[in-house]
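Engineer: Structure for the following, please:
(chains A, B, C and D)
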Protein chains: 2
Amino acid sequence: MAHTPVEERRKALIAATLRVISARGLSSASTRTIVAEAGMSLASFHYAFTSRDELIDVLITEVLAKEEKAIAPAELVGRSLTELLTEGLSGYLAHLRSDPSREQAMLELTQHALRERPELARQQYAEYTRMAVAMLELAATHTGHEWSVPVPVAARLLLTMTDGLTMTWLVDRDDALAEDVVRAAAQAVASLAHPAA
Amino acid sequence: MAHTPVEERRKALIAATLRVISARGLSSASTRTIVAEAGMSLASFHYAFTSRDELIDVLITEVLAKEEKAIAPAELVGRSLTELLTEGLSGYLAHLRSDPSREQAMLELTQHALRERPELARQQYAEYTRMAVAMLELAATHTGHEWSVPVPVAARLLLTMTDGLTMTWLVDRDDALAEDVVRAAAQAVASLAHPAA
DNA sequence: GTCTATACACCGATAGAC
DNA sequence: GTCTATCGGTGTATAGAC
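Structural biologist: Alright, predicted model coming up:
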C-alpha cells in the first residue's frame, strides 16, 4: 500500500477491527486478522498503534461514545407521553435490528471495558444517563407532565430497559415480542409521571 | 493426584473454570490456567474432557441453568403487588451484589453462547421467562389483581429489567440508585395490572 | 489413570531491508 | 513508510513413560 497518513491508517484499522468483532467476536480480533481485514501488513499496524491494547482502548472510547442508547422521537407535537416513550424505545429497537452484529460488538466491548477499563464504562454510562434525562424532561414538558420520581431515576430505568432489551432481543430475535415489550415498557414508565400542576 | 473418578475431576475442573472466569474473564480461562487453579496436570484435563470447547459447552448448559434471573419474594401474605415486585427485584439485586464477579462471569458466558451456541442461550431465556410468568401469576393472584397485558409480555419486561439492572449496576455499582430503580421499576410494572373483577 | 515432555499453531511485537 | 522475516511466548492437544 502506498504512503498513507498515519491518521488514515488508524481509522482504517479501527473500522476493520469493528468489522472483525462484529463478524467473529472480540476474541477473534487479533492483530493478524485485523490487518488481513484492512488489507495491510502486520508491521503497518504497529506503525499506527503502539500495541493491540492501545487500539482496543481507542475503540472503546471512540466507538462506545457514538453508541445510541436511546433515540429521541422524531416528532413531539400532538403525541402523548406514552407515545413519545414508545417511539423512543421503538427507535432504539429499530437501530438494534438494523445491525444486530454491531450491537453485539458494542456489548462485547462494554463487557471488556468492564474488566479492563471500568472507569471508561462508568463515564460512558453516565453520558447515556444524561441523554436519557434530557429526553425524559423534554417529553414531560411537551405533554404537560411532571415526573413522580426523580428524573435521574426514571432515566436510569429507561437505560436499564434499553440494555435489557438489547440482551433479550439478541438472544431470541423475537420482533413481535420485543414490540409488545416496548409498548408495555413505555406505558409502565409513563405511569411514573402525572399531569403538571 | 491419586486415582480420581472422571466425574469428580470434571466437577473440579468446572468449578475451577468458573473461579478463573469470575476472577479474570473468559479470555483468561485457558486449559493451562484452569488446571493450575484445579491443581492438576494438563493431561488430566484432556482425560476428563476431549477439548476446551467441550468444557465451555458444559459450563454454559449446566451453570446458566442454575442462574437465578428473578428471585421470588419470601412472604406473600399481606403485601401489595408493588411490594411483591419490589421484593423480587430487590432479591435479585442482593443476589447480584453478593457476588458481582460471578454474575459478570454469567454475562460473559451468555455472550459467548450468543455467538457459539445461540440455541442454548435461547432455551435458557425461554426458561427464565417461564419462571417469571409463574412469579407474576402468583403475585397477581395473591393480591387480587389481573394483568392488563399478556403475562408473557409482563414477564419478558421483568426479565428485560433484571438483565438491564445487572449491566447498569455492574458498570457503576451504585447501590442507592439501583434500589431507587428497583422501586420505580416495581411501581411501573405494577401499573400494568388492575384489580380483578 | 496420571504424569512429564513435546508437537505444532497462533499470538503480539520488532528488526532490518528497501 | 512499508514491507518480509523472525523472536519469544502462550495456546490446545497428544505421545509415551510409569
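
Engineer: Just want to check the distance between the residue positioned nearest the centre of chain A and residue A:125.
Structural biologist: If you average the C-alpha coordinates of chain A and look for the closest C-alpha using C-alpha atoms, centre = their mean, you land on residue A:67, 3.6 Å from that point. According to C-beta to C-beta, to the nearest Å, residue A:67 and residue A:125 sit 11 Å apart. From N, CA and C alone the C-beta is placed, and that goes for glycine too.

Engineer: then stretch A:70-86 to CSV, C-alphas only?
Structural biologist: The C-alpha atoms that make up stretch A:70-86 are tabulated as CSV, following Å, rounded to 0.1, in the frame of the first residue of the first chain:
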residue,chain,number,x,y,z
ALA,A,70,-31.9,5.9,23.4
ILE,A,71,-33.2,7.6,20.3
ALA,A,72,-35.3,10.7,20.6
PRO,A,73,-38.7,10.6,19.0
ALA,A,74,-38.8,12.4,15.6
GLU,A,75,-41.9,14.5,16.2
LEU,A,76,-43.0,15.9,19.6
VAL,A,77,-46.3,17.7,18.9
GLY,A,78,-49.6,16.1,19.3
ARG,A,79,-48.3,13.0,21.0
SER,A,80,-49.0,11.6,24.4
LEU,A,81,-46.2,10.8,26.9
THR,A,82,-46.7,7.1,26.3
GLU,A,83,-46.5,7.6,22.6
LEU,A,84,-43.3,9.6,22.9
LEU,A,85,-41.7,6.9,25.1
THR,A,86,-42.9,4.2,22.7
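
Engineer: which parts of it are buried?
Structural biologist: Under the neighbour-count criterion of 16 or more other C-beta atoms under 10 Å in any protein chain shown, stretch A:70-86 has A:70-71, A:73, A:79, A:81-86 buried.

Engineer: Closest one of those to residue B:12?
Structural biologist: Proximity of the buried residues of stretch A:70-86 to residue B:12, judged by C-beta to C-beta, is greatest for residue A:70, which lies at 45.2 Å.

Engineer: Provide a list of residues in contact with that closest one.
Structural biologist: Residues near residue A:70 by C-beta atoms under 8 Å, 6 or more residues apart in numbering or on different chains: A:88-89, A:92, A:128, A:131-132, A:135, A:158-159, A:162.

Engineer: Quick one: name the residues of chain A near DNA strand D.
Structural biologist: Taking C-beta under 7 Å from any atom of the strand as the test, the list of chain A residues beside DNA strand D reads A:1-6, A:9, A:40-44, A:47.

Engineer: nearest to DNA strand C, of these?
Structural biologist: For the residues of chain A next to DNA strand D, the minimum distance to DNA strand C (C-beta to the nearest atom of the strand) is 4.0 Å, reached by residue A:43.

Engineer: Could you list the residues in contact with the host helix or strand of that closest one?
Structural biologist: In this structure, residue A:43 sits in helix A:42-48 according to DSSP states H and E. Outside helix A:42-48, the residues that touch it by C-beta under 8 Å, 6+ apart are A:1, A:6, A:9-10, A:13, A:31-32, A:34-35, A:55.

Engineer: Max pairwise distance over those: which two?
Structural biologist: Between all members of the contacts of helix A:42-48, the longest pairwise span (C-beta to C-beta) is found for A:6 and A:32 and amounts to 20.3 Å.

Engineer: All the strands of chain A, in order from the start?
Structural biologist: Per DSSP state E, chain A has strands spanning A:145-147, A:193-195. These are given in chain order.

Engineer: Over the first one, what's the mean pLDDT, rounded is fine.
Structural biologist: Think strand A:145-147. Averaging the model's pLDDT scores along strand A:145-147 yields 98.

Engineer: can you tell me if that strand touches chain B.
Structural biologist: No - using C-beta under 8 Å from any C-beta of the partner chain, we find that strand A:145-147 stays clear of chain B, coming within 9.8 Å at best.

Engineer: what comes up buried for that strand?
Structural biologist: When neighbours are counted by 16+ other C-beta under 10 Å, the buried residues of strand A:145-147 are found to be A:145, A:147.

Engineer: Run through the neighbouring helices and strands of that strand.
Structural biologist: Counting contacts by 3 or more C-beta pairs under 8 Å, 6 or more residues apart in numbering or on different chains; DSSP states H and E, strand A:145-147 is packed against helix A:118-142, strand A:193-195.

Engineer: want to throw those into CSV with mean neighbour count and mean pLDDT?
Structural biologist: Putting the helices and strands packed on strand A:145-147 into CSV (neighbours: other C-beta atoms under 10 Å in any protein chain shown; pLDDT from 0 to 100) gives the following:
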stretch, mean neighbour count, mean pLDDT
helix A:118-142, 18, 97
strand A:193-195, 14, 98
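
Engineer: With distance to residue B:61 as added columns, please give these in TSV.
Structural biologist: As requested, those are exported to TSV (distance: least, C-beta to C-beta, whole Å):
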stretch	distance to residue B:61
helix A:118-142	29
strand A:193-195	43
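
Engineer: nearest to DNA strand C, of the ones you listed?
Structural biologist: Ranking the helices and strands packed on strand A:145-147 by distance to DNA strand C, with C-beta to the nearest atom of the strand as the measure, places helix A:118-142 first at 18.7 Å.

Engineer: So is that closest one next to chain B?
Structural biologist: Yes - residues of helix A:118-142 are located near chain B by C-beta under 8 Å from any C-beta, namely A:118, A:121-122, A:125-126.

Engineer: contacting residues around residue A:194?
Structural biologist: Contacts here follow C-beta under 8 Å, 6+ apart; on that basis residue A:194 touches A:145-146, A:148.
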